[in-house]
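**Q** Below are the sequence and a predicted model; questions follow.
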Amino acid sequence: MADSTSEHMALREFLLRMGDNTLILGHRVSEWCGRAPVLEEDIALANIALDLIGQTQMWLGLAAEVQGDGRSADDLAFLRDVSQFRNLLLCEMPNGDFGQTLMRQFLFDAWHDCQLRQLSASTDERVAAIAAKAAKEVAYHLERSAETVIALGDGSAESHARMQAALDYLYPYVGELFLSDPVDEALIAAGIAPDPRSLRPAYDETLTRVLGAATLTIPQARRPRGGGRDGKMHTEHLGHLLTSMQWMQRAYPGATW
Amino acid sequence: MTTQWPLWEIFIRGQHGMSHRHMGSLHAPDAETAIRNARDVYTRRNEGVSIWVVEAAAITASSPSAKGPMFDPSESKVYRHPSFYDIPDDVGAM
């Protein structure tokens, strides 16, 4: 019984991690809506944001179901505060310039793509079904972000410098993608999710190929900066994001339309 | 030097068996990016199964000022329309 309770808790935590990643990154990307450098990129970014929010509905919807306390996916998205979020720090990093947004997207997509392909074979059929649906969208996100990173990295002197600066700024947050804790141990044992560490070789291969083609230099690895996926220490950026994303529920509690 | 990306004309096939149709145009730095942009701009409501892109500069168009000599002569030649035939139903879409 103790085992099944801890597995249940681990599953809930895992679903929050998946759903919070896509919610927070989706919101970040949506901040470009109406402001991207060209119309075509504006539409493309809005499409990606909408894909991520759609995936959030599935992950947090299942999290709410597993939790079973009557709270909905909307409650989870709009009525939690910073310390209750379980997204990777990478997802909450600010947009910066267009290059930084696309670099963040690429660093996330390359991981997300590996993760979802592994999850498509999850022993939990609900997880496998969501992952299989999301994997098709994310394969396209990765193609788009990788090609844009290559075009800008191997572009003009200015775009190259901006992409290298974006990579230097964001790379310290990559290590967290592969951290694992007792939640992961429980999920691995139950065959629900892969060991985060096992995704690293494929991820590094993608990074080496794409960033090499982009003529960018991968910074020296430092001790991974964690604290997002376990909620122990988010960056200062998440609180600001939430005030914008959650303002309506904060100003008008329970408002619906 | 222009700072604007080239213009691309976008053709999309809605279903298998139909022909590609002109949907509109957009800007992109190269053909591959034009296809990805077209995917995002013109197929987000499940409109297509195939995309063609052609750089607008590669299209040679008829001249609007030559409209009279080009098109007017065919106006009165009703016998050129194949509308005097009965087409059997099982021929399908023509």
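**A** On my side now, so go ahead.

**Q** Now do the contacts for the residue nearest to residue A:111 when sequence neighbours are not counted.
**A** The shortest distance from residue A:111 to any non-neighbouring residue, by C-beta to C-beta, 6 or more residues apart in numbering or on different chains, is to residue A:177 (4.6 Å). Using the backbone N, CA and C atoms, a C-beta is placed for each residue, glycine as well. For residue A:177, the contact set (C-beta atoms under 8 Å, 6 or more residues apart in numbering or on different chains) comprises A:88, A:90, A:111, A:196, A:199, A:203.

**Q** Nearest to chain B among the residues you listed?
**A** residue A:111 (21.1 Å; C-beta to the nearest C-beta).

**Q** So, low pLDDT: which residues of chain B?
**A** For chain B, the stretches with pLDDT under 70 are B:1-2, B:94.

**Q** Go ahead and flag the most central residue of chain B.
**A** residue B:22 (3.0 Å; C-alpha atoms, centre = their mean).

**Q** Am I right that it falls within a helix?
**A** No. According to DSSP: H, G, I helix; E, B strand; the rest coil, residue B:22 belongs to no helix; its state is strand.

**Q** any idea how far residue A:58 is from the residue nearest to it when sequence neighbours are not counted?
**A** Distance criterion C-beta to C-beta, 6+ apart; nearest residue to residue B:22, sequence neighbours excluded, is residue B:11 at 5.6 Å. According to C-beta to C-beta, to the nearest Å, residue B:11 and residue A:58 sit 34 Å apart.

**Q** which residue packs closest to residue B:4, ignoring adjacent ones?
**A** residue B:27 (6.7 Å).

**Q** What are the phi and psi values at the one you found?
**A** When read as degrees, to the nearest 10, the backbone of residue B:27 gives phi -100, psi 140.

**Q** Residue B:11 now?
**A** The phi/psi pair for residue B:11 (degrees, to the nearest 10) is phi -120, psi 130.

**Q** What residues does it make contact with?
**A** So residue B:11 contacts B:20, B:21, B:22, B:23, B:51, B:52, B:53, B:54 (C-beta under 8 Å, 6+ apart).

**Q** picking up where we left off before, dump the contacts of residue A:177 to CSV, plus pLDDT, neighbour count and secondary structure.
**A** Shown next, in CSV, are the contacts of residue A:177 (pLDDT from 0 to 100; neighbours: other C-beta atoms under 10 Å in any protein chain shown; DSSP: H, G, I helix; E, B strand; the rest coil):
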residue, pLDDT, neighbour count, secondary structure
A:88, 98, 25, coil
A:90, 97, 25, helix
A:111, 98, 26, helix
A:196, 97, 21, helix
A:199, 97, 19, helix
A:203, 97, 18, helix
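
**Q** near chain B, which residues of the stretch 1-150 of chain A?
**A** A:38, A:39, A:40, A:43, A:44, A:47, A:140, A:143, A:144, A:147 (C-beta under 8 Å from any C-beta of the partner chain).

**Q** Does the third one lie in a helix or a strand, and which?
**A** Counting by DSSP states H and E, the element that carries residue A:40 is helix A:39-67.

**Q** Which helix or strand lies directly C-terminal to that helix?
**A** Past helix A:39-67, the next helix or strand by DSSP H and E is helix A:73-78.

**Q** Can you give me the buried ones in that next one?
**A** Across helix A:73-78, burial judged by 16 or more other C-beta atoms under 10 Å in any protein chain shown covers A:73, A:76, A:77, A:78.
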